[in-house]
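1. my questions concern the predicted model and sequence given below.
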Amino acid sequence: MLLDVSTAYAAVMNTVRDLGTEQVPFTAAAGRILREPVTADRPFPPYHRVMMDGIAINFEESYAKGQTIFGVEDIQAAGMPGKQLANMANCLEVMTGAVLPELTDTVVPYEHLQAAEHEGFRRFTITQPVSKKQHIHWQGTDVAAGETLIISGTRITAAEIGVLATVGKDQVLVARLPKVAIISTGDELVEVTDTPAPHQIRRSNAWTLAASLQALGIAATCHHVADNEHAMQELLHSLLDADVWICSGAVSAGKYDHLPQVLAQLGMQRIFHKVQQRPGKPFLFGVFQQGPVVFALPGNPVSGFMCFYRYIQPWLLAGMGHELPPAPCAELGADVLFDKPLTYFLPVQLVPQPSGQWRAVPHTYHGSGDLAGLLRADAFMELPATQDSFREGECFPVWRYR
């Protein structure tokens with residue numbers, strides 16, 4: 001019996017395993033999944049910070065009383081310990097990023113000042129209206145000390161790296177990357193560097209999947225095995241220490257599709273085999289109790305590619321503590337007919353609209369073997385099995401791979 005897509009997806013996600021954690025230097029954490037909260041070690045900003053080059057004054061004791069000419073006592077540069085205004089009728093020159101001098105509460109930028117100097121004594125005249133407390137980034141207004149800045153489960157980007165550096169987090173706890181083995185099968189496949197005979201094709205599925213994993217920071221090992229039962233047993237037995245197997249090919253009902261039988265012989269518990277979808281109908285999924293989780297994908301290239309983004313990527317991210325948000329929806333850009341009782345994953349090009357909505361434009365597509373067709377698309381639009389005609393402007397979920 002075929003499982004529908006939502007049931008198959010739920011079955012996959014029910015097997016998610018915590019892949020563990022490891023400490024890495026923050027400089028090596030980009031792309032990794034954070035597995036601890038990161039808190040502020042002090043307020044943000046940590047002091048009253050000057051936001052403009054200019055002068056700092058005490059508003060109430062000078063400008064509020066009508067004073068517009070100020071003598072300069074000293075200068076407060078960024079990186080200097082805080083100084084104090086000695087005479088309320090004077091000012092201190094201040095630089096952007098500097099500590100606001102004590103007994104001052106307002107910064108007037110140079111653009112609103114006229115400078116003069118007499119016998120080595122500098123003086124500034126204010127030429128534009130001044131508001132009390134202007135141009136100061138007050139201590140703690142962004143974040144309080146101890147406040148959580150980054151929650152566990154966040155995928156670390158350049159923005160998070162900057163925050164980790166700011167709070168002195170030189171070592172960070174992240175999800176361990178899974179050990180993934182990609183296994184392609186098929187006597188018709190030759191290496192990329194080979195010149196194929198008329199009855200052969202170059203091996204591409206394994207490298208497509210490896211690149212998809214690389215985008216998650218996961219480096220997989222790639223293996224190939226002939227359509228030979230004994231050879232399959234031997235190779236797979238040597239890979240039982242992996243966390244995940246992603247197999248490509250040999251899962252349908254052909255005479256040389258030995259993989260389901262070999263997996264059963266090795267002790268894999270089958271969760272399901274075949275899903276009510278196109279492409280990817282022969283998808284096989286199972287687990288070893290003391291071994292890898294197995295995603296056995298059809299050999300047609302578009303089938304395996306779609307299954308990666310619909311099932312495998314969410315499983316991997318959840319196992320590392322980060323769940324993807326629900327798939328966004330887009331407006332179908334043309335009428336589509338599909339009269340099979342299957343969920344149809346249609347390659348589409350996503351075009352942004354002035355409304356902020358995405359328009360999903362289907363292009364000419366020749367089925368699950370049309371690898372080149374993926375070059376004209378950005379995502380798979382999930383069209384439900386309950387319909388056979390889909391109208392332009394209707395909204396459906398999209399699974400993006402760009």
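-> Good, I have the coordinates.
2. CA only for contacts and neighbour counts going forward, please
-> OK.
3. tell me the gap between the top strand by length along the chain and the middle of its chain.
-> The strand that spans the most residues within the chain, counting by DSSP state E, is strand 343-352. On the basis of C-alpha atoms, centre = their mean, to the nearest Å, strand 343-352 sits 21 Å off its chain's mean C-alpha point.
4. show the subsequent helix or strand relative to that strand.
-> Counting by DSSP states H and E, the next helix or strand C-terminal to strand 343-352 is strand 358-362.
5. that next one - which strands sit beside it in the sheet, and in what orientation?
-> Partners of strand 358-362 in the sheet, by DSSP bridges, are strand 329-332 (parallel), strand 343-352 (antiparallel).
6. can you give the distance from that strand to the centre of its chain?
-> Distance, centroid of strand 358-362 to centroid of chain: 22 Å (C-alpha atoms, centre = their mean).
7. likewise stretch 76-89?
-> 44 Å.
8. output it as PDB, restricted to C-alpha atoms.
-> Coordinates of each C-alpha in stretch 76-89 appear next as PDB, following Å, rounded to 0.1, in the frame of the first residue of the first chain:
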ATOM      1  CA  GLN A  76      37.400  62.000  24.600                       C
ATOM      2  CA  ALA A  77      38.500  59.500  21.900                       C
ATOM      3  CA  ALA A  78      37.200  55.900  21.400                       C
ATOM      4  CA  GLY A  79      39.200  53.500  23.500                       C
ATOM      5  CA  MET A  80      40.000  56.100  26.200                       C
ATOM      6  CA  PRO A  81      38.800  55.700  29.800                       C
ATOM      7  CA  GLY A  82      35.900  58.000  30.600                       C
ATOM      8  CA  LYS A  83      36.800  61.600  31.400                       C
ATOM      9  CA  GLN A  84      34.700  64.200  33.400                       C
ATOM     10  CA  LEU A  85      33.600  67.700  32.500                       C
ATOM     11  CA  ALA A  86      35.100  70.100  35.000                       C
ATOM     12  CA  ASN A  87      33.200  73.300  34.200                       C
ATOM     13  CA  MET A  88      29.500  73.000  33.100                       C
ATOM     14  CA  ALA A  89      30.000  76.000  30.800                       C
END
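9. which residues does that stretch contact?
-> Contact partners of stretch 76-89, identified using C-alpha atoms under 8 Å, 6 or more residues apart in numbering, comprise 57-58, 61-62, 67, 70-71, 73, 91-104.
10. buried stuff in it?
-> Neighbour-count burial for stretch 76-89 flags 76-78, 83, 85, 89 (criterion: 16 or more other C-alpha atoms under 10 Å).
11. could I get those residues as a markdown table with pLDDT and secondary structure?
-> Output for the buried residues of stretch 76-89, formatted as a markdown table (pLDDT from 0 to 100; DSSP: H, G, I helix; E, B strand; the rest coil):
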| residue | pLDDT | secondary structure |
| --- | --- | --- |
| 76 | 97 | strand |
| 77 | 97 | coil |
| 78 | 96 | coil |
| 83 | 97 | coil |
| 85 | 97 | coil |
| 89 | 96 | coil |
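12. what are the bridge partners for the residue nearest the centre of the chain, then?
-> The C-alpha lying nearest the average C-alpha coordinate of the chain belongs to residue 155 (C-alpha atoms, centre = their mean; 5.6 Å). Using DSSP bridges, the beta-bridge partners of residue 155 come out as residue 33.
13. hmm, it is touching residue 29, no?
-> No: with contacts counted by C-alpha atoms under 8 Å, residue 155 stays clear of residue 29, the gap being 9.3 Å.
14. run through who's touching the longest strand of the chain.
-> Strand 343-352 is contacted from outside by 4-5, 276-279, 306, 330, 338, 358-363, 365, 373-374, 376-385, using C-alpha under 8 Å, 6+ apart.
15. how close does residue 386 sit to residue 307?
-> 20 Å (C-alpha to C-alpha, to the nearest Å).
16. ok, now which ones touch residue 65?
-> Taking C-alpha under 8 Å, 6+ apart as the definition, residue 65 has no contacts.
17. equivalent analysis for the one 3 residues further on, please.
-> With contact set as C-alpha under 8 Å, 6+ apart, residue 68 has these partners: 62, 125-127.
18. list buried residues within these.
-> Neighbour counting with 16+ other C-alpha under 10 Å marks 62, 126 as buried within these.
19. show me which pair in the contacts of residue 68 is furthest apart.
-> 62 and 127 (14.8 Å; C-alpha to C-alpha).
20. ok, then the element right after whatever helix or strand residue 230 lives in?
-> Assessed by DSSP H and E, residue 230 sits inside helix 229-238. For helix 229-238, the following helix or strand on the C-terminal side (DSSP H and E) is strand 244-248.
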